[in-house]
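# How does the following fold in three dimensions:
(one chain, ligands or ions: 1)
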Amino acid sequence: MPTQARGWGTEAADQPLKPMQFERRDLRSDDVAIKITYAGICHSDLHQCRNDWHNSRYPVIPGHEIVGIVTDVGPNVARHKVGDTVAVGTVVDSDLTCVECLNGWEQFCLGGATFTYNGVDKVDGSITKGGYSDHIVVREHFVFQMPEGLDPARASPLLCAGITTWSPLRQYADKVAPGKKVAVAGLGGLGHLGVKFAAALGAHVTMITTSPGKADDARALGAHDVIVSRDPAQMQGAAGRFDFILDTIPVAHDVQPYLTLLRRGGRMVLVGAIEPLPSIHGGLLIMGNKAIGGSGVGGVAETQKMLEFCAEHQLYPETETITMDKVNEAYERLLKNDVRYRFVIDVTQGL
Ligand SMILES: NC(=O)c1ccc[n+]([C@@H]2O[C@H](COP(=O)([O-])OP(=O)(O)OC[C@H]3O[C@@H](n4cnc5c(N)ncnc54)[C@H](O)[C@@H]3O)[C@@H](O)[C@H]2O)c1
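Predicted coordinates:
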């Protein structure tokens with residue numbers, strides 16, 4: 001039987017989030033039912049609530065940085081059992097048969113990945129609803145086991161902000177290693193984890209920020225150096241310096257000043273601005289054999305690996321925990337960059 005769920009969501013781009021009731025599907029044979037305990041607030045949640053990407057399907061019940069406890073499993077579930085602490089990220093289904101899925105890139109499934117919310121369920125066509133809710137039902141393959149020693153109350157942002165920064169840093173592991181120089185642009189939910197990961201992987205890390213006031217914070221997170229992007233002298237002084245730049249800036253911006261900072265053969269990866277960008281002068285790529293690309297979240301196996309790395313290194317996001325009923329205030333603060341550096345909702349409170 002389907003179950004009644006309680007959550008917080010919004011009915012339109014100009015409406016605040018409010019309590020809502022909706023149905024969760026009955027367990028399929030390979031499904032896991034999860035009582036949600038924590039959900040991180042990603043900037044993408046705000047984008048989708050406000051229809052910034054023009055594809056929101058209302059009501060939107062956001063949340064794709066989910067931690068919880070298994071309450072039931074379908075008969076074919078082998079990896080999880082009732083009582084396990086588990087996690088769910090941005091994707092809850094894919095065909096698992098295409099070349100992308102078979103190679104661990106489920107998020108780019110050729111048959112279409114189903115996103116945790118604002119997606120369309122492959123079986124019944126319903127609109128998926130996310131982690132700002134009391135429980136969720138997810139296909140086993142997309143449920144992560146929380147490693148021993150990783151605090152569930154602090155870990156949820158790893159499921160999106162974490163994997164989105166970890167994945168490109170591992171895809172270009174030759175440029176993110178001891179002796180290599182890495183820069184991270186944009187110090188928010190993604191950027192602060194980018195700094196922590198790059199430092200933990202042994203690279204020399206520079207934070208590039210618009211705000212001189214964030215320099216001490218960046219160093220406390222593990223950055224060895226800070227560049228204020230609004231200071232032309234500092235930018236010119238860093239020309240040709242970096243092997244790798246991770247750009248987490250959440251809005252359209254001119255990437256050319258950053259390309260200038262790459263050394264020969266360097267690579268810049270965009271993860272933040274999912275929108276049209278100003279044009280790039282080809283000479284900035286050709287002279288110095290430089291490359292710019294993108295990266296979208298991460299696959300299932302690499303997400304599990306990242307969680308294990310975080311447990312082993314006790315690497316956590318910096319979080320501020322709120323109750324569910326404070327989510328609208330949190331959104332307003334997120335827009336003003338007034339969070340160090342990720343809100344986590346304790347979903348068991350204020351629902
Ligand atoms: N690629 C992916 O798979 C993926 C996954 C998750 C999130 N995202 C996107 O990444 C972006 C960042 O998400 P977040 O949760 O870290 O957001 P956030 O709001 O927590 O952080 C963004 C930071 O960028 C800074 N910033 C804004 N404009 C800037 C500029 N012009 N120069 C330098 N810094 C600037 C802000 O001060 C803020 O600190 C969002 O647009 C989100 O939708 C992408």
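# Can you report how many residues neighbour the residue of the chain found nearest the ligand?
Of all residues in the chain, residue 188 sits closest to the ligand, at 1.7 Å by C-beta to the nearest ligand atom. For every residue, glycine as well, the C-beta is placed using N, CA and C. The number of residues packed near residue 188 is 22, by other C-beta atoms under 10 Å.
# Surely it touches residue 340?
No. With contact defined as C-beta atoms under 8 Å, residue 188 does not reach residue 340; the gap is 9.7 Å.
# who's in contact with the nearest residue to residue 295 once chain neighbours are set aside?
Among residues not flanking residue 295 along the chain, residue 168 sits closest, at 4.0 Å (C-beta to C-beta, 6 or more residues apart in numbering). Shown in contact with residue 168 (C-beta atoms under 8 Å, 6 or more residues apart in numbering): 246, 269, 271, 295.
# How about the first one: which residues does it bridge to?
In this entry, residue 246 is beta-bridged to residue 184, residue 269, by DSSP bridges.
# What pLDDT does the model give it?
Residue 246 carries a pLDDT value of 98.
# what sits against it?
Applying C-beta under 8 Å, 6+ apart to residue 246 gives the contacts 165, 168-169, 182-185, 191, 194, 198, 268-269, 271.
# which ones among these come in contact with the ligand?
Among these, the residues that sit close to the ligand (C-beta under 6 Å from any ligand atom) are 185, 191, 271.
# okay, these in a markdown table with distance to residue 174, pLDDT and neighbour count next?
Shown next, in a markdown table, are these (distance: C-beta to C-beta, whole Å; pLDDT from 0 to 100; neighbours: other C-beta atoms under 10 Å):
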| residue | distance to residue 174 | pLDDT | neighbour count |
| --- | --- | --- | --- |
| 185 | 21 | 98 | 26 |
| 191 | 22 | 97 | 28 |
| 271 | 19 | 97 | 23 |
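# Out of those residues, which comes closest to residue 78?
Nearest to residue 78 among these, counting by C-beta to C-beta, is residue 271 at 33.1 Å.
# how close does the closest one sit to residue 111?
24 Å (C-beta to C-beta, to the nearest Å).
# same deal with residue 22?
Remark: distance between residue 22 and residue 111 (C-beta to C-beta) = 26 Å.
# on that earlier part again, can I take it that the residue nearest to residue 295 is in a helix?
Yes. Judged by DSSP: H, G, I helix; E, B strand; the rest coil, residue 168 forms part of a helix.
# now it: how far from residue 133?
30 Å.
# same question, residue 222
Distance, residue 222 to residue 133, using C-beta to C-beta: 34 Å.
# same check, this time on residue 164
22 Å.
# how about the residues of the stretch 151-300 of the chain that lie near the ligand?
So far as C-beta under 6 Å from any ligand atom goes, the stretch 151-300 of the chain lies against the ligand at 160-161, 164, 185-191, 210, 248-251, 253, 271-272, 295-297.
# What separation do you get for residue 236 and residue 261?
10 Å.
# Then residue 143?
Using C-beta to C-beta, residue 143 is found at 40 Å from residue 261.
# cool, residue 272 as well?
Residue 272 sits 17 Å away from residue 261, taking C-beta to C-beta as the criterion.
# Quickly run through the sheet partners of the host helix or strand of residue 345, with directions.
Following DSSP states H and E, one finds residue 345 within strand 342-346. Strand 342-346 sits in its sheet next to strand 31-40 (antiparallel), strand 319-323 (parallel), going by DSSP bridges.
# Next secondary structure after the shortest one?
Meaning strand 319-323. Scanning forward in sequence from strand 319-323 by DSSP H and E, the next helix or strand is helix 327-335.
# Send me that following helix as CSV with only the CA atoms.
Below are the C-alpha coordinates for helix 327-335, written out as CSV (Å, rounded to 0.1, in the frame of the first residue of the first chain):
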residue,chain,number,x,y,z
VAL,A,327,13.5,26.6,5.8
ASN,A,328,12.1,29.8,4.3
GLU,A,329,14.4,31.9,6.5
ALA,A,330,17.3,29.6,5.5
TYR,A,331,16.6,30.3,1.8
GLU,A,332,16.7,34.0,2.4
ARG,A,333,19.9,33.7,4.2
LEU,A,334,21.4,31.5,1.5
LEU,A,335,20.6,34.2,-1.1
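# which one of residue 236 and residue 261 has more residues nearby?
When neighbours are counted by other C-beta under 10 Å, residue 261 comes out ahead of the other of residue 236 and residue 261, with 25 against 11.
# Could you pull up the residues touching that one?
By C-beta under 8 Å, 6+ apart, the neighbours of residue 261 are 183, 208, 235, 238-242, 245.
# one more time with 7 Å, if that's ok
Residues in contact with residue 261 (C-beta atoms under 7 Å, 6 or more residues apart in numbering) are 183, 238-239, 241-242, 245.
# Also residue 271?
By C-beta under 7 Å, 6+ apart, the residues touching residue 271 are 164-165, 168, 190, 246-248, 294-295.
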